[in-house]
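Visitor: below are the sequence and a predicted model; questions follow.
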Amino acid sequence: QVQLQESGPGLVKPSQTLSLTCTVSGGSITTGYYAWSWIRQPPGKGLEWMGVITYDGSTYYSPSLKSRTSISRDTSKNQFSLQLKSVTPEDTAVYYCARDLGGMDYWGQGTQVTVSS
């Protein structure tokens, strides 16, 4: 059973960088042909896919967030991470990590991140 767990600060100040980590257990992030995504849901809105890192380390980003988003991984810890730069209150959301097979089949429980001074 694959399990994912998000971790990181719950409060970030405007203009700073939001950093989250997803720890995966029950399966390796380097196993082909899986990919690992970050998704968020602002209050009162739908899910927004942010980007993905594949089993071989390739990354792809949502065009609307590409200039501010970076996804990386630490294979020794079986983790992948999200960095979102220059945050504003509009980046307040529940952030999820998920395994991506063209659709998301395993999700983390989500972590609330609030952008506020």
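Guide: Yep, it's here.

Visitor: in the helix or strand of the chain with the lowest mean pLDDT, what's buried?
Guide: Least confident helix or strand of the chain, by mean pLDDT, DSSP states H and E, is strand 104-107 with a mean of 95. Going by neighbour count (16 or more other Cβ atoms under 10 Å), the buried part of strand 104-107 is 104, 106-107. C-beta: built from backbone N, CA, C; applies to glycine.

Visitor: then stretch 20-28?
Guide: Residues of stretch 20-28 classed as buried by neighbour count (16+ other Cβ under 10 Å): 20-24.

Visitor: do the same with stretch 67-79
Guide: 68-71, 73, 78-79.

Visitor: equivalent analysis for stretch 80-87, please.
Guide: Those would be 80-82, 84, 87, for stretch 80-87 by 16+ other Cβ under 10 Å.

Visitor: what do you get for stretch 91-106?
Guide: Buried residues in stretch 91-106 (16+ other Cβ under 10 Å): 91-100, 104, 106.

Visitor: between the residues you listed, which sits nearest residue 60?
Guide: Ranked by distance to residue 60 (Cβ to Cβ), those are led by residue 100 at 10.1 Å.

Visitor: was I right about the closest one contacting residue 39?
Guide: No. Applying Cβ atoms under 8 Å as the test, residue 100 and residue 39 come out as separate, 9.2 Å apart.

Visitor: which ones are touching residue 8?
Guide: Taking Cβ atoms under 8 Å, 6 or more residues apart in numbering, we find residue 8 in contact with 18-21, 95, 111, 113.

Visitor: fine by me, thanks again.
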